[in-house]
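> task: produce atomic coordinates for the following.
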Amino acid sequence: MAPSLPSSSTDTPFDLFVIGGGVNGCGIARDAAGRGLRVGLAEMNDLGSATSSASTKLFHGGLRYLEYFELGLVRKSLIEREVLLQAMPHISWPMRFVLPLSPNMRFESSTPTSRLLAIVMPWAKGRRPDWLIRLGLWLYDSLGGRKILPATATLDLRVAPEGAPLKPEYKRAFEYSDCWVEDARLVVLNARDAADRGATILTRTKVTRARRDGKVWVVDLDGPDGPKTIQTRALVNAAGPWAEAVLRGNIGANSAASVRLVRGSHIVTRRLYDHDKCYFFQGEDGRIIFAIPYEGDFTLIGTTDVDHTDPDSAPEASAQEIAYLCDFASRYFTKSVTPTDVVWTYSGVRPLYDDGAAGASAATRDYVLDLDTSGPPVLTVFGGKITTYRKLAQQALAKLDQTLSIPASDWTAKAPLPGGDFAVAEVEELVAKLQGDYPFLTPAWAKRLIRAYGTDAWAILDDATSTDGLGRDFGATLTAAEVSWLKDKEFARTAEDILWRRTKLGLRKDVIDVDAINAWLTDENAG
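Okay, the predicted model is just below:
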């Protein structure tokens with residue numbers, strides 16, 4: 001699928017080599033490859049295996065960032081969410097968010113808005129007034145030039161179905177728009193598109209050392225085939241939580257910028273309500289959480305913001321975080337949520353740019369691109385959020401153009417990701433067509449395939465006329481035909497890659513034969 005790796009440092013150097021296979025690294029690799037550059041990327045684990053598969057899975061403007069007066073970041077994100085939605089309508093789709101109103105909800109005390117209102121409205125005692133929330137939502141509707149997503153509306157929770165799961169004290173709500181995104185699939189599809197455009201994508205390959213040698217970087221790699229060395233004219237450090245360690249250790253460069261590691265944990269429960277909208281809950285401590293319909297039968301609740309000290313320490317949801325999220329949701333839902341309701345948790349470490357904020361929640365979600373040109377250039381990515389990954393890639397290449405000759409065409413805005421070559425409104429039509437062409441598919445199976453692969457679903461199913469034509473059934477509609485596609489086209493190497501990143505079928509573990517998937521992959525790789 002991808003070009004072979006040069007065997008030694010004497011081969012023709014890459015134009016650009018990226019360290020890190022998260023959303024920013026893969027986005028940069030895709031953009032650069034599409035401009036005709038010779039691109040390589042090394043990820044020490046699986047693609048999107050760290051932060052980029054552990055988000056709240058939203059393309060959003062960041063409504064709460066308005067309280068920090070980050071209007072530029074919010075505007076940039078709001079404009080971008082519709083660009084991204086149109087480029088990947090299979091893995092991203094519009095969602096409506098219900099924000100119940102309560103006089104008990106308060107600002108986080110450190111926000112600029114809170115401090116300002118404490119001066120001009122001291123009698124409010126830190127409460128978020130409804131009129132200010134509505135003003136924020138008006139800005140949210142207006143800043144990004146919204147075209148596809150519907151505007152904010154007001155709900156009477158006493159009669160609206162969205163009020164049924166909530167305690168009767170919540171009588172009114174605002175409802176606004178943002179977008180869902182399958183975060184891990186976003187990473188993989190960027191990597192796949194980069195590879196289709198000529199990039200070399202190396203998973204489970206670690207950069208052990210990089211050093212300047214005249215006009216190039218000499219980079220030592222250690223991967224499945226053993227140690228190798230490559231050369232590159234420029235280096236991008238998009239190692240996420242490890243960016244600072246890579247910069248100061250593996251690369252031996254310096255920067256005034258640094259990373260602040262913040263852990264965000266999520267819990268997943270059995271489905272807590274029947275409709276397909278999300279809830280945006282405000283807390284008495286000033287924080288917010290989301291409750292989101294997830295994978296049909298579940299509800300996703302998150303997230304927390306806790307400082308995390310060591311990128312090599314695997315992030316896990318602590319008992320305190322789980323209890324916090326359960327208690328937070330229980331203040332709103334009629335039926336209490338308890339830790340015994342939790343069927344799965346996941347945590348990610350956000351590598352935020354360290355702006356000196358006092359609390360983890362207040363740290364900026366914007367990004368900083370640090371370019372070192374004291375020899376062959378190295379660009380380090382600090383911070384960022386999933387919604388702005390494509391703009392970050394554009395700006396990274398614009399910065400590198402100061403020292404490299406990079407074609408200036410910003411081409412990614414109108415280029416769909418693989419399988420996304422259809423209109424946002426055509427999803428249900430596509431599901432019906434797939435089921436019509438393959439009558440053995442159940443409606444849920446057809447929808448899962450379209451939501452994961454879009455128009456590529458036809459290539460996966462190929463000429464099958466029954467389930468027997470798809471090879472071994474591993475359970476939960478996962479067949480050998482799909483596993484083969486994920487191995488050959490999407491860099492999957494283990495059952496975990498498939499069940500928890502390429503799909504979320506791991507939630508169906510009671511009907512999935514994990515050992516059989518790993519054995520099948522081993523046999524295929526050996527063959």
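> now the end-to-end length of stretch 450-462.
Stretch 450-462 has an end-to-end distance of 14 Å (CA to CA, to the nearest Å).
> same question, stretch 370-389
16 Å.
> buried sites along it?
Neighbour-count burial for stretch 370-389, counted by 16 or more other CB atoms under 10 Å, picks out 370, 372, 376-389. In short, each C-beta sits where N, CA and C put it, glycine included.
> go on, stretch 303-312?
Using 16+ other CB under 10 Å as the test for burial, stretch 303-312 gives 303-306, 308, 311.
> repeat that for stretch 310-328.
For stretch 310-328, the neighbour count (16+ other CB under 10 Å) marks 311, 315, 317, 321-322, 324-326, 328 as buried.
> over to stretch 206-222?
Neighbour-count burial for stretch 206-222 flags 206-207, 210, 212, 216-222 (criterion: 16+ other CB under 10 Å).
> endpoint to endpoint, that stretch covers what distance?
5 Å.
> quick one: average pLDDT of that stretch?
Averaged over stretch 206-222, pLDDT sits at 97.
> can you list contacts of that stretch?
Where contact means CB atoms under 8 Å, 6 or more residues apart in numbering, the residues beyond stretch 206-222 that reach it are 5, 9, 13, 17, 19, 42, 44, 202, 205, 223, 227-235, 246, 250-252, 375-376, 378.
> mind doing that once more with 7 Å?
Applying CB atoms under 7 Å, 6 or more residues apart in numbering, the contact partners of stretch 206-222 are 9, 13, 17, 19, 42, 44, 205, 227-233, 235, 250-251, 375-376.
> are any of those buried, and which?
9, 13, 17, 19, 42, 44, 205, 228-233, 235, 250-251, 376.
> among those residues, which are in strands?
Counting by DSSP state E, the buried ones among the contacts of stretch 206-222 place 17, 19, 42, 228-232, 235 in strands.
> which helix or strand in the chain has the lowest average pLDDT?
In the chain, the helix or strand scored least confidently by mean pLDDT, DSSP states H and E is helix 112-120, which has a mean of 66.
> would you map the helices across the stretch 101-250 of the chain?
Counting by DSSP state H, counting those that start in this stretch, one finds helices in the stretch 101-250 of the chain at the ranges 112-120, 130-143, 183-196, 243-245.
> what residues sit buried inside the third one?
So the one you mean is helix 183-196. Residues 183-195 are the ones in helix 183-196 that count as buried (16+ other CB under 10 Å).
> distance to C278 and pLDDT added to those, as TSV?
Shown next, in TSV, are these (distance: CB to CB, whole Å; pLDDT from 0 to 100):
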residue	distance to C278	pLDDT
D183	16	97
A184	19	98
R185	19	98
L186	19	98
V187	22	98
V188	24	98
L189	23	98
N190	25	98
A191	28	98
R192	29	98
D193	29	98
A194	31	98
A195	34	98
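> contacts only, for V343.
So V343 contacts 268-270, 298 (CB under 7 Å, 6+ apart).
> now L37
15-16, 406.
> distance of it from F290?
38 Å (CB to CB, to the nearest Å).
> quick one, which of the helices of the stretch 101-250 of the chain is nearest to A398?
Evaluated over these, closeness to A398 peaks at helix 183-196, with 18.2 Å, by CB to CB.
> about what we covered before: can you pick out the most distant pair from the ones in strands among the buried ones among the contacts of stretch 206-222?
K228 and L235 (16.0 Å).
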